[in-house]
Each structure stands twice: as structure tokens, then as C-alpha cells.
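Colleague: structural data only, the sequence is not supplied:
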């Protein structure tokens with residue numbers, strides 16, 4: 001089992017790291033600045049408090065936009081350094097925002113664990129790419145976005161942050177393959193559980209919708225429907 005150490009890194013605040021209910025959204029080049037993402041993640045951990053971070057199970061995934069895979073590895077290493085017990089990652093780091101909410105509320109780990117929060121890497125409808133947008137937001141134990149009281153604490157922390165903690169000696173985790181990877185740190189075992197991105201969400205959808213009845217309706221020769229759409233010519 002790989003053993004890692006916790007390293008303290010000195011840093012200084014960045015202006016404008018104020019998250020809303022949709023989180024923090026900036027250009028990729030902003031997020032790729034040294035310490036920028038790390039400052040925000042550490043400020044989030046500090047806002048949550050040690051009692052909600054140490055020993056916790058957190059979900060980390062997003063919409064797969066540019067810089068997501070690098071961000072996931074950074075968050076994993078910082079979570080390990082902050083005493084998080086386990087990280088759940090959707091295969092290839094892919095989970096929609098509703099799917100993350102479902103995972104937080106519904107998924108039970110192999111050891112009976114339940115998630116208490118999630119980092120979602122998304123900028124919604126904003127375009128992605130090296131010169132476009134990236135975003136990060138934190139969802140709470142109910143699967144919903146962090147409330148204003150929490151986001152205010154996060155922002156306040158970003159204006160005064162002087163240090164963050166990260167695991168040294170922790171290799172990048174293969175998030176393309178479903179499975180459990182375990183490491184050893186100062187506070188004990190740390191696990192990264194990569195799971196099927198669609199499985200839990202499909203179960204939830206099946207509990208809400210009667211897909212067999214819908215399929216039967218759509219395949220019926222007497223069923224017809226009209227739909228309208230908007231078409232834009234290239235300008």
C-alpha cells in the first residue's frame with residue numbers, strides 16, 4: 001500500500017473567489033494558475049470544519065470539461081491531506097449535477113459508508129475548452145448546493161488564506177477503471193472508489209418512471225404526437 005505524507009504549502013489570496021449557488025466559474029487559464037484551485041478547495045474544507053471533513057466520504061466528479069481530470073487529482077490529494085476517509089469518483093470523472101445529488105443521497109459504499117458532500121466540476125451551459133470556462137461548486141449532505149451561509153464562509157476564507165495542505169507521495173489515481181484503490185496516511189487508510197457513473201442514477205430513474213409502460217406507449221402503432229422545435233440558420 002502506497003504511503004503518503006501531508007505537506008503544508010504557503011499561499012496568498014486571489015481576488016474574486018466568491019461562489020454563488022452555481023459555484024465558482026472562471027476561465028480555465030484562471031483556474032490553472034498555481035495555487036488557485038487549491039486555495040478554493042482548502043477554503044471550502046476550512047468552512048465546513050474538521051468535524052465534517054475528517055473521516056468523511058466525499059464525491060468528486062463533473063461534466064468532463066477541459067481541466068476536470070487534473071482538478072480531480074488535485075482535490076483527491078487535498079482531501080487525503082485533510083483527513084477525508086474516502087473519495088467516490090464517477091468513472092472517468094463523469095457525473096451530471098443531478099447524478100451527483102443522487103449519489104450523495106442514495107449510494108451506499110461497500111463498507112456501508114454514505115457521502116456527506118460533493119465537489120462538482122461544472123460550468124453548466126458555459127462553453128468548455130482551454131480558452132473557455134471551468135467551474136467548481138460544493139454540494140451538502142442533502143445533495144443540494146451549499147447554502148449562502150456556507151458560501152459566505154468559503155469566500156471569507158479565500159480572502160485570508162495563507163496555507164493549504166496536500167498529500168505528497170500520493171500518485172494520480174486511475175479514474176478510467178472501476179475499482180477501489182487504497183493508500184495509507186498519517187491518519188490511517190484513505191480510499192478512492194471509482195464507480196459506474198450511470199448505475200445509481202438509472203436505479204433512481206427506474207424508481208420514478210415506469211419505462212416499460214413508456215416503451216409500450218411509444219411502440220404502439222396507434223400512438224402519434226407532434227413536436228415543435230426552434231431552428232437557427234448559421235449566421
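Modeller: Yep, that arrived. The model shown is predicted, which means the values in this text are computed figures rather than measured ones.
Colleague: quick check: residue 98 touching residue 201?
Modeller: Yes - under the criterion of Cβ atoms under 8 Å, residue 98 makes contact with residue 201 at 7.3 Å. C-beta coordinates here come from the backbone N, C-alpha and C atoms, glycine included.
Colleague: higher neighbour count, the two?
Modeller: residue 201 (21 against 12; other Cβ atoms under 10 Å).
Colleague: give me the element the nearest residue to that one once chain neighbours are set aside is part of.
Modeller: Nearest non-adjacent residue to residue 201, counting by Cβ to Cβ, 6 or more residues apart in numbering: residue 99, 4.3 Å away. Assessed by DSSP states H and E, residue 99 sits inside helix 97-106.
Colleague: residues in contact with that helix?
Modeller: Counting by Cβ atoms under 8 Å, 6 or more residues apart in numbering, helix 97-106 makes contact with 59, 61, 63, 88, 90, 95, 115-118, 120, 122, 139, 141-144, 197-198, 200-201, 203-204, all of which sit outside it.
Colleague: now the worst-scoring helix or strand of the chain on mean pLDDT against helix 97-106, angle please.
Modeller: One helix or strand of the chain scores below all others by mean pLDDT, DSSP states H and E: helix 199-208, with a mean of 90. Computed by axes from the mean of the first three to the mean of the last three Cα atoms, to 10 degrees, the angle separating helix 199-208 from helix 97-106 equals 90 degrees.
Colleague: so which elements touch helix 199-208?
Modeller: helix 97-106 (3 or more Cβ pairs under 8 Å, 6 or more residues apart in numbering; DSSP states H and E).
Colleague: remind me which residues of the protein are low pLDDT?
Modeller: For the chain, the stretches flagged by pLDDT under 70 are 230-235.
Colleague: beyond the helix holding residue 99, next helix or strand please.
Modeller: Downstream of helix 97-106 (by DSSP H and E), the next one is strand 117-121.
Colleague: check which strands are paired with that next one and give the direction for each one.
Modeller: With DSSP bridges as the test, strand 117-121 is paired with strand 57-62 (parallel), strand 133-139 (antiparallel).
Colleague: can you list the buried residues in the helix or strand harbouring residue 69?
Modeller: Assigned by DSSP H and E, residue 69 belongs to helix 68-81. Residues of helix 68-81 classed as buried under the neighbour-count rule (16 or more other Cβ atoms under 10 Å) are 68-69, 71-81.
Colleague: which residues touch it?
Modeller: Residues contacting helix 68-81 (Cβ under 8 Å, 6+ apart): 4, 6-7, 31, 37-38, 41-42, 45, 58, 60-62, 87, 89, 93, 119, 121, 134, 136, 164-167, 170, 172-173, 175, 183, 185, 190, 192.
Colleague: which of those residues fall within helices?
Modeller: 31, 37, 38, 41, 42, 45 (DSSP state H).
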